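Participant: A structural model of the following input is requested.
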Amino acid sequence: MPVDVSEWLKAFDGLDDLKVSLASRMAVEAGVIVRDDAKERAPEADPFVMGYNAEWKTGSTTPGALRDAIYLARSDSSTDTQVVYSVSWNSREAFWGVFVEFGFEMTDMVIGASGVGFWTVKGVKRPGGALQVKAQPFLAPALDSNIQRIATAAIARGREELPKLLAEIRR
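Facilitator: Residues are numbered from 1 along each chain as shown. Take a look at the predicted model:
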């Protein structure tokens, strides 16, 4: 979920290029809070136990792999006037994170299960209807529950970094 900081940027128009540096520092401060909280909230169960078939994908299925795959990074959609950071998970390391965050529906019949996953019969519907696997969101709650903390931390970082940037201008 994006956080609009356009008002903050307007306040720093006189800083020219340094305002992007200041905004980046503030955004990283905010992103670290979301990332760290998401890591704490991410379930650490083996994805097979949670009902995800990883047989056809690469990446780790060890407990804690999803937590370890969560990262904060500057987005490619950042521009000269807009700073964008993302908190997400590396889908190569934990592709099944999307199933945990949003839940899923299994409509096909399961024919077998083992320590390496389960198999489904494509096109053969489950008797009794689809199996609903409930979401266990970790990323959205990490943002939603920290909005005030994020704003406070970002502003505090801005207050700390602004004098440093102004000192660089004076040199």
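
Participant: give me the phi and psi angles of residue 124.
Facilitator: phi -100, psi 110 (degrees, to the nearest 10).

Participant: so where do the helices sit in this protein?
Facilitator: 6-11, 18-41, 65-69, 97-102, 139-144, 147-170 (DSSP state H).

Participant: of all those, which one is nearest residue 123?
Facilitator: helix 97-102 (21.0 Å; Cβ to Cβ). C-beta here means a position set from N, CA and C on the backbone, and glycine is covered the same way.

Participant: reformat the helices of the chain as TSV; add mean neighbour count.
Facilitator: What follows is the helices of the chain, written out as TSV (neighbours: other Cβ atoms under 10 Å):
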stretch	mean neighbour count
helix 6-11	11
helix 18-41	20
helix 65-69	21
helix 97-102	19
helix 139-144	17
helix 147-170	14
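
Participant: what's the closest of those to residue 85?
Facilitator: Taking Cβ to Cβ as the criterion, helix 18-41 is the member of the helices of the chain that comes nearest to residue 85, at 4.6 Å.

Participant: what helices and strands are in contact with the closest one?
Facilitator: Helix 18-41 makes packing contacts with helix 6-11, strand 70-74, strand 85-89, helix 139-144, helix 147-170 when contacts are defined by 3 or more Cβ pairs under 8 Å, 6 or more residues apart in numbering; DSSP states H and E.

Participant: show me where this protein dips below the pLDDT cut-off.
Facilitator: 1-3, 5, 7-16, 45-61, 109-122, 171 (pLDDT under 70).

Participant: rewinding a little: distance to residue 79 for the helices of the chain - can I get that in JSON lines?
Facilitator: Putting the helices of the chain into JSON lines (distance: least, Cβ to Cβ, whole Å) gives the following:
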{"stretch": "helix 6-11", "distance to residue 79": "12"}
{"stretch": "helix 18-41", "distance to residue 79": "9"}
{"stretch": "helix 65-69", "distance to residue 79": "27"}
{"stretch": "helix 97-102", "distance to residue 79": "27"}
{"stretch": "helix 139-144", "distance to residue 79": "22"}
{"stretch": "helix 147-170", "distance to residue 79": "19"}
